[in-house]
Each structure stands twice: as C-alpha cells, then as structure tokens.
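Student: 3D model of this:
(2 chains)
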There are 2 protein chains.
Amino acid sequence: MPKKNAFYAQSGGVTAVINASACGVIETARKHKSRIGKVYAGRNGIIGALREELIDTGKESRAAIHGLLTTPSGAFGSCRHKMKSIEENRAEYERLIEVFKAHNIGYFFYNGGGDSADTCLKVSQLSDAMGYPLQAIHVPKTIDNDLPLTDNCPGFGSVAKYVAVSTREAALDVASMCESSTKVFILEVMGRHAGWIAAAAGLAAEQEGDAPHIILFPEIAFSREKFLARVKRTVKENGFCVIVASEGAQYKDGTFLAESGLKDAFGHSQLGGLAPNLAQMIKDELGYKYHWAVADYLQRAARHIASQTDVDQAYAVGEAAVEMALAGKNAVMPCIVRGKGKRYRWSVGEAPLDKVANVEKMMPRNFITRDGFNITDAAREYLEPLIQGEAYPEYRKGMPKYVRLKNELVPKKLRKSFTV
Amino acid sequence: MPKKNAFYAQSGGVTAVINASACGVIETARKHKSRIGKVYAGRNGIIGALREELIDTGKESRAAIHGLLTTPSGAFGSCRHKMKSIEENRAEYERLIEVFKAHNIGYFFYNGGGDSADTCLKVSQLSDAMGYPLQAIHVPKTIDNDLPLTDNCPGFGSVAKYVAVSTREAALDVASMCESSTKVFILEVMGRHAGWIAAAAGLAAEQEGDAPHIILFPEIAFSREKFLARVKRTVKENGFCVIVASEGAQYKDGTFLAESGLKDAFGHSQLGGLAPNLAQMIKDELGYKYHWAVADYLQRAARHIASQTDVDQAYAVGEAAVEMALAGKNAVMPCIVRGKGKRYRWSVGEAPLDKVANVEKMMPRNFITRDGFNITDAAREYLEPLIQGEAYPEYRKGMPKYVRLKNELVPKKLRKSFTV
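Tutor: Residues are numbered from 1 along each chain as shown, chains lettered A, B, ... in the order given. As a prediction, the model looks like this:
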C-alpha cells in the first residue's frame, strides 16, 4: 500500500482537552511511519484545508507534541466555518479533495462536534463519489456532551469538573456571607440546547439541601413563577440560594431567557445575558441581595482543573482514530463505551458517522428531578465517573506551562487560491 | 497570669485562605493551653459576638481544624456589619465588651480588611478606657491587597493566581478561534478601588504581545476613545484582543463603568455590569464578535488553585497573631515583610493598628505602563512571588474535600439579647 499523508483539523468551540486528542492522533501516527507519512494540521481548522494552509506537525518536537496533552484550547486553531450541503456548496468540497490530492492526503481526521461529524461524513461520501480514496474519521469533541452513540464526549468531563468544583466553592462563599450580605448567587454556564454542563453542577452537593439548590436546564421550560417561589423557599429555609443556569434555559415557547439578537456562523443565536436577567428578576420580585458569575470561556479552557478521565479519553479517541484508519475504516467515529457493573470502566468503540451526524443527545428526563430543578441519583451515577482524577499540568513560576507550537506551514502546491 | 479565653472572628468578603488564618490562630492557641483557654469563634463574624453566638472551636477535632488549611471561604461565617464610630454607636462597643467579660475573653483576633482593622483598634481603645483588659490583634485578610504596611495581604495571592491562570487559559481559547469567531474577550475581576487583582492578570503574559492586551485599572481614568482605539489596533495587529477589567474601572469624574445603583452595608456601591457594558461599547463602535466572563465569587473562593505562598502566609499571620497576644501586644497586626535580594523571602512583622486602619494602598503608578493599559516589570517582580506554588486540596470522588465544622454554640450567659 502506498504511503499516504494524514490531515487533522480542530473544529468548533475548543475544549480543555481537544489538544489531548491531537496528541493521540499525532503520537499514534508517528508510531506508524511506514504507513502514514506526514501529519498535516489545518491552520484554523477546515479553513486551513480550503486555503491550503497546512501545518507540518513533523516540525514539532516530540516534547512539544506531548505537551499538547496538558495544553487547553486548539493549538492549530479551530473555526466555526460550517460546510453547507454538497448541493449548496459543491465548490468547497471539491476544493478540499483537490487540496488532499495535491498533498497526497489519504487520512482525514476531523476533531469536533455534531456539525463536524456531518462534514466528515459528506467529505467521505464525496471523495468516494469522485473516486479519490480517502478515509474520513471523526474524532469526537464537545463540551456540550450532546453527541449520540458515545457514552460521553471528550471535553465534557473537564468542563463538568470545573463547574462542579466552582459551584461547591462559590456556595461556601455565599453560605459564609448570607447572614448579612448576598442571599442569592447565580452561575451561568454553557450548554445551548442540552443541560449536561449545568447538570454537572449538581455534583457539588454532598448532602440533601446542599448547593446548587436550583439548576435551570434547557430541557425544562422555564416558569418565572415556579422559579421565584423556589428561590424564596430556599432562602427562607436555608438562608441562601445557589442557582446554576444553563445559557440555553428557555421559556415554553422557546424564547431564551437571554438572547443578544446576534447569530453565529452556524446560525445559532448568540447568548450570554442570562445571569444578570435572572438576578434582576429576583431583585425586582424578592428584593434579595445577589451576585452572579458568568464562566464563559473560563470553563472550557480550564485545563488547570481538567478531569484525568477526560484527558485519558480524549487521548484514546485520537489514538483509536488513527488505528481505525490503519484498519481501513471510513466514515466512523471512535466513541466511549461504558462498561457494565458498579465500578466505572470504559473502552473505545466505533460508531458509524451516518448515525452520529446532526443528532443532539439531550439529558434523559429521568436525570432531572420531577420538579425540574435538580439532578437525580441516576444523573449523579452517570456524571460522577467523568470528573474523576486531577490531571494537573506542570507549573513554572506559579503558572501552568502550556506549549506553543511553531505551526510552520507547508509550501502550497496549488496555483489557485480559495476565498473562505 | 490568669488563663483567658480567646475570640476569633472573620470579617467582610471571604477568601480562599481566610480559613488558613483561622487554622493558624486555633492550632497555635491549642499549643498554649496553659495561657489560652477556649478559642471561641463568632458565628457570622462580629455579629456573633454582639448576639452572644459564640462557636466553641474546642468541639472540633484536630483533623477538622487542620482541614481549614485547605477549605475556602469563612468556616464560621463572616459578615459585612460595619461598626460605626464609638460616638455613633457606643452601645455596640459596650455590648462587645460585655460579652467578652461574660465569657472571660482576653484575646480578640479579628480577621479582615481595612474596616475590620479600624473596628479592632476601636475595641482595643474602648476596652482600655473601660478598664477591661483585652488584647486586640488584627489578622490581615483581603483579596484586594489594599492594606498598608504589609507587603501584601493574605487572600490576594490566591485570587491573583486564579486570575492569571484563567486569563492565560481563556486567551488560548480566543487565540484558537479568532480567525472565524470571537475577536474580543473581556474578563471582569474584582477590585473596587485598587487594581491589584486586575494587575495580576498581567502575569498571564510570557512574551511581548501576549494577552492580556488591555488591563483596566480603577487608578487610571477610563477614556472610551483611547480604549476603543487600543482594542482596534490590537485586533488588527494580533487577530484578537483580551481585556481584563477591574470592577472599579471608572471615568475621570469617578463614575464607575458599571453601577447597579445598590449599596452594601458599608455604603459601597454594588458593582457588576462592567463586562457587558464594555462588550456593548465594542460591538457598537467596532462591530467585533465578543465574549465576556464575570468571575465574581469564583475568583475569591477558588481554593482548588490557591497559591502555596498565600496559604503559608495566611497561616503564618494567624500563628503570629496568637504569639503577639501571648507576648502582651495590643492593637497590632502581623504583616508580611519582603526580604531584600533577588530571591523572594518573606517574614512576619508587626504593624501598629492606628497606622493600618482606614488607609487604602493603591497600585503605585510605576506598576502601570505609561499608556495605562498594562503592568510594568516592577509590578511583575512584585506580583510573581505571590502566586508561587500550587496548594492543592485533597480530592474525593473527583471533588475537593472541604471540611464542614460542627459550629456548636456555647451556652449564653447574658440575660439581655441584642439586635444587630
């Protein structure tokens, strides 16, 4: 079999461990130099392929590549460029294949969420239709934990740990001050359509009555009346109330509690004013002194408190992607399979991409308490293993040592440039 | 000398390491049982003394007290109750002395910031005037780092580390997405009057041009024009711009960039809408896609990423407070003294309370670059040692193990109750 090069790209919102998957892909490819030649990475994701801006990861030292294991965010750059359907934008797909051909790329590893799984599948189909041999493997990544078929998504465990730890810590703060100061604390977390991240805050509670007292999920229609009644009751009984709200929390009619009116490249509404809105509601109706925090990027970049389980799984799916490619697979995604039995065990399985693309996995209803304000024991059992272990990075001068890659581009081979 | 009891109270906003000072006080007092009897702690700070709600720390195990070293926030409760001047509220001061007398309290350890130093001094003066022998020692604590005479304040080093680490991490996130998505990221941090916390974000930069690109200090009058010009230039040159803004950032006329209109018990304005305001400004004028985060309580409760130096110093001032009391001192505060020489060394010194109370230490002008948007090498030299070392707590089931105390109250001895 002639030796082919590989192309790896990061897609969509980055995570604390997406680079661990990159590390898994590159380190594993390097072990198979007889079959895989160069590993190129897209500069800023798939845009890099379209523009023929390919990073030669071969220029990076072994230590630098290994450092990706403990470096958050996308070391090669990621992007929010959505490839439309083949009918709508055939030119982009053909350009991709053209670039792949020019650089003798036979393996395509696409590291992202649902949208990228869809793109990966289409690229696989088109290359097949065009008679260009390409193995397209999707490497799962999303903090939102909303991909189907995999037990969980690499990226989620670390944000879950960050949110659970931060909630426990902030709750101690509010508890110690509530007698004469703040009575209500609101933490806004990510999760546009699925409440997985907000749910993870529930792990902060050790005993009945512990914070968080209220979790707002996108899956449960928001009722202002019920919410305010619960806040009031909690403050009365407990002295204070800690609320963790998913940015995707919405009214019955689908209106988000906070819409900025902006949309991103995928056509998703840009959110982010939920916490101050809730605070205002509480102040107006109940008059409590409040504080609110919006974790935003801090939560998904927080490599300093990453889950060891998450890091291990992120690496493993990268590694498995290369192994699947070497085994001749195409249009598949390595996924996490949870073992049966009380003790948590996991292994890497394989999911066909046509079953993954464009399906969002919501929180099962039995993970949310009947009143809609908290998580059940079933949710806790599912979530707890995912935050196990502290995968601390190394520190230098009091700060985490994160790698910077050289990111040297390969000389272009195509005459035509392509505007994205 | 007859054996006296001690009273310890936590005051004002809590920190990641105020309990480490409590640990220092209690463990040291326990070593001197021949001189110090019980150590009582105020339930919810000084309010606990006024209400005669005294927690008997003797009921807590050695392990529980030692666990305070790694537990954030105020384990006995804190409060924002400000004692006014003796003339305005003599009754409160007299009540304090009455409670101290009733419980044979001869040592008063007050753990707080500038306002508490003032209260501590007044209590010392009044007890003297009333002929009641009391040694009042102030134990410094404030994330704001604004106390005079001490090189730095316990509590600051940990929030500084959190802010520096979070800024470095979020900046990697923005860098990896900026080609097709977010161009401007704003992190709002605490610091009402002094920009120390925002300054600490400057430690995130390793090289010229690294994030944060703009720091907004309360010490530097905000100019909308200069700010927007700098944001624009940074995005143009660098692709993205990371801004860290102190909640106390203000215009030349003293108007805060974000005032909610509320005031707390000390009469300070309640802030917190700065980041969204800045984001709006940038969107309106420059049209960049933005994200913003407000760390709020997360930053001061973040024991999971506490600075080892900070924990050590917090413990040391608690320990020194007891030693000073045993040495017969009164109306003093243990402070941190920085050694001379290139290698960072520190020791505990002693500051008279009348020089500490009601003085705010601002950032020296030479710690801020001439353009007002960043920190200088002098600031870096000062700040860097304070975030050294990672004082990780223990974990259980993926979550930090923080102690819960029993907080058993001592039976009341006074007939009269007192309303605070």
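
Student: Tell me where the stretch 151-300 of chain A is predicted with low confidence.
Tutor: A:259-272 (pLDDT under 70).

Student: if we go to 90?
Tutor: A:192-193, A:255, A:257-273, A:276-277, A:280, A:284 (pLDDT under 90).

Student: which residues sit in contact with A:Asn330?
Tutor: Residues in contact with A:Asn330, defined by C-beta atoms under 8 Å, 6 or more residues apart in numbering or on different chains, are A:124, A:134-137. The C-beta positions use only the backbone N, C-alpha and C, and glycine is treated the same way.

Student: Neighbour-wise, which one of those residues leads?
Tutor: A:Ile137 (30 neighbours; other C-beta atoms under 10 Å in any protein chain shown).

Student: what residues does the one helix or strand it maps to touch?
Tutor: In this structure, A:Ile137 sits in strand A:135-140 according to DSSP states H and E. For strand A:135-140, contacts defined as C-beta under 8 Å, 6+ apart pick out A:21, A:25, A:106-113, A:116-117, A:120-121, A:123-124, A:127, A:147, A:150, A:153-154, A:317-318, A:321-322, A:324-325, A:328-336, A:353, A:356.

Student: follow-up on the earlier one: identify the farthest-apart pair in the contacts of A:Asn330.
Tutor: Using C-beta to C-beta, the two most remote members of the contacts of A:Asn330 are A:Leu134 and A:Ile137, lying 10.2 Å apart.

Student: can you map out the helices along the stretch 251-400 of chain A?
Tutor: Along the stretch 251-400 of chain A, counting by DSSP state H, counting those that start in this stretch, helices occupy A:274-286, A:297-301, A:308-326, A:377-383.

Student: ok, how many other residues are close to the closest residue to A:Glu60 other than its chain neighbours?
Tutor: Nearest residue to A:Glu60, sequence neighbours excluded (C-beta to C-beta, 6 or more residues apart in numbering or on different chains): A:Leu405, at 5.4 Å. For A:Leu405, the count of nearby residues is 20 (other C-beta under 10 Å).

Student: Need phi/psi at A:Leu405.
Tutor: Torsion angles at A:Leu405 (phi, psi; degrees, to the nearest 10) stand at phi -90, psi 160.

Student: for it, what are its contacts?
Tutor: Taking C-beta under 8 Å, 6+ apart as the test, what A:Leu405 contacts is A:55, A:57, A:60, A:64, A:75-76.

Student: Export those residues as a markdown table, with columns for pLDDT, secondary structure and distance to B:Arg345.
Tutor: What follows is the contacts of A:Leu405, written out as a markdown table (pLDDT from 0 to 100; DSSP: H, G, I helix; E, B strand; the rest coil; distance: C-beta to C-beta, whole Å):
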| residue | pLDDT | secondary structure | distance to B:Arg345 |
| --- | --- | --- | --- |
| A:Ile55 | 98 | strand | 45 |
| A:Thr57 | 98 | helix | 44 |
| A:Glu60 | 98 | coil | 39 |
| A:Ala64 | 98 | helix | 35 |
| A:Ala75 | 98 | coil | 38 |
| A:Phe76 | 98 | coil | 43 |
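
Student: out of those residues, which is most surrounded?
Tutor: A:Ala75 (29 neighbours).

Student: quick one: A:Ile143 is in a helix?
Tutor: No - assignment of A:Ile143 by DSSP: H, G, I helix; E, B strand; the rest coil gives coil, placing it outside any helix.

Student: so it touches A:Met190, yeah?
Tutor: Yes - using C-beta atoms under 8 Å, A:Ile143 is in contact with A:Met190, at 6.3 Å.

Student: Which neighbours do those two have in common?
Tutor: Contacts common to A:Ile143 and A:Met190, judged by C-beta under 8 Å, 6+ apart, are A:159, A:197, A:299-300.

Student: Restrict those to those that also contact chain B, please.
Tutor: Contacts with chain B within these, counted by C-beta under 8 Å from any C-beta of the partner chain: A:Arg300.

Student: now, which of the shared contacts of A:Ile143 and A:Met190 sits nearest chain B?
Tutor: Proximity to chain B was ranked across these by C-beta to the nearest C-beta; first place goes to A:Arg300, at 6.7 Å.

Student: I'd guessed that closest one sits against A:Gly13; true?
Tutor: Yes - counting by C-beta under 8 Å, A:Arg300 does reach A:Gly13; the two are 6.5 Å apart.

Student: Overlap in contacts, these two.
Tutor: A:Ile143.

Student: And the two? Which one has more around it.
Tutor: Ranked by neighbour count (other C-beta under 10 Å), A:Arg300 and A:Gly13 place A:Arg300 first, with 30 against 26.

Student: Skipping its backbone neighbours, what lies nearest that one in space?
Tutor: Leaving aside its chain neighbours, A:Arg300 sits nearest to A:Ile143 (4.9 Å; criterion: C-beta to C-beta, 6+ apart).

Student: State the distance from the one you found to A:Gly77.
Tutor: Distance, A:Ile143 to A:Gly77, by C-beta to C-beta, to the nearest Å: 18 Å.
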